[in-house]
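Undergrad: Show me how the following folds:
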Amino acid sequence: MDCEDRVVMHAAMEAGHILLENGAEIDRVEETMERICRHFEVGNASFFVLSNGMFATDESIKERGGQFADVRHIPVHGARLDKVACVNQLSREMEEGRYTPEELLEKLKKVRELPEKPKWLQILASGIGSGCFCYLFGGGFSDCLGSLIAGLFLYVFFLYIEHGKLKKLMHSIAGGALVTCICYACYYAGIGESLNHMIVGSVIPLVPGVAFTNGIRDIGNEDYIAGTVRLLDAMLVFFGIAAGVGGMMMIFRGVFGGGLL
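TA: I've put the predicted structure just below:
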């Protein structure tokens, strides 16, 4: 029974790891881990989850002369909500009695190894999302076209040139500066009438909406440390975007003169 309890604990930690690193709120992570242990009758498990780490112990194993403790550092990443949905589905199927602990752990490992979406699809989504948000913010058709072009180039830059080499702050600054340059280029080429709408739509792929929302939800659920860390992380990205956009606008205004916006 000791061995099976350890498998259950590893499965709970694996589920929590996947959820936490892919954008789930703290309350969901803890609830899923506790549900796994409760279903497999591991009643003395304790979990402590932060925004970038998890701690777990099982007193029932200790009472039988063994030990179980696991600590994992989980850096703050972007959201992969498809993985969150897969873990939620596995949790529901587990409660229907479809899996043993070993089968559940194996399924979770496969979820963790799910490949990313094709690069061409990420680039296309960035462009379409930028154009659509430009329209929602009041841009005309030509403004949306300029935002779409900037959004496409933004993800081409991140996926094929920058490729994760920059730290998060510099990543945001570079992205903000790049879309601003492209929007100005489109504007001078006759594509777009309002730089305001074009730039606002183009920076949307950079905005950490999930992290910001979950930070607020965590604070609402009284997970103050995790919520504050997530909000601070999101605010750092917002600052980087603003610095990149503002810096390039100052350069262009200095070179070409004001009155463009």
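Undergrad: Residue 195: neighbour count?
TA: Using other C-beta atoms under 10 Å, residue 195 has 19 neighbouring residues. For glycine as for every other residue, the C-beta is placed from the backbone atoms N, C-alpha and C.
Undergrad: Then residue 190?
TA: 9.
Undergrad: which SS class is it?
TA: coil (DSSP: H, G, I helix; E, B strand; the rest coil).
Undergrad: Which residues are in contact with it?
TA: Residues counted as contacts of residue 190 (C-beta atoms under 8 Å, 6 or more residues apart in numbering): none.
Undergrad: any idea how far it is from residue 215?
TA: Distance check for residue 190 against residue 215: by C-beta to C-beta, to the nearest Å, it reads 41 Å.
Undergrad: ok, now residue 17?
TA: Counting by C-beta to C-beta - residue 17 and residue 215 are separated by 20 Å.
Undergrad: Which one of these two is surrounded by more residues?
TA: The neighbour comparison of residue 17 against residue 215 (other C-beta under 10 Å) goes to residue 215, with 25 against 19.
Undergrad: which stretch of helix or strand covers the more buried one?
TA: helix 209-220 (DSSP states H and E).
Undergrad: from the middle of its chain, how far away would that helix be?
TA: 11 Å (C-alpha atoms, centre = their mean, to the nearest Å).
Undergrad: how far out from the middle of the chain is the helix or strand that comes right after it?
TA: Next helix or strand after helix 209-220 toward the C-terminus (DSSP H and E): helix 224-256. When distances are taken as C-alpha atoms, centre = their mean, helix 224-256 is centred 17 Å away from the chain's centroid.
Undergrad: can you check stretch 154-168 too?
TA: 16 Å.
Undergrad: Also stretch 124-136?
TA: Worked out by C-alpha atoms, centre = their mean, stretch 124-136 lies 19 Å from the chain centre.
Undergrad: Mind exporting the C-alpha coordinates of it to PDB?
TA: Taking Å, rounded to 0.1, in the frame of the first residue of the first chain, the C-alpha atoms of stretch 124-136 are listed here in PDB:
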ATOM      1  CA  LEU A 124      -1.400  33.300 -38.100                       C
ATOM      2  CA  ALA A 125      -3.200  33.500 -34.800                       C
ATOM      3  CA  SER A 126      -1.000  36.400 -33.800                       C
ATOM      4  CA  GLY A 127      -1.800  38.300 -37.000                       C
ATOM      5  CA  ILE A 128      -5.500  37.600 -36.900                       C
ATOM      6  CA  GLY A 129      -5.800  38.400 -33.200                       C
ATOM      7  CA  SER A 130      -4.000  41.700 -33.700                       C
ATOM      8  CA  GLY A 131      -6.200  42.700 -36.600                       C
ATOM      9  CA  CYS A 132      -9.400  41.700 -34.800                       C
ATOM     10  CA  PHE A 133      -8.500  43.600 -31.600                       C
ATOM     11  CA  CYS A 134      -7.600  46.700 -33.700                       C
ATOM     12  CA  TYR A 135     -11.200  46.500 -35.100                       C
ATOM     13  CA  LEU A 136     -12.600  46.100 -31.500                       C
END
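Undergrad: Okay, buried residues for it please.
TA: For stretch 124-136, the neighbour count (16 or more other C-beta atoms under 10 Å) marks 124, 126-127, 129-134 as buried.
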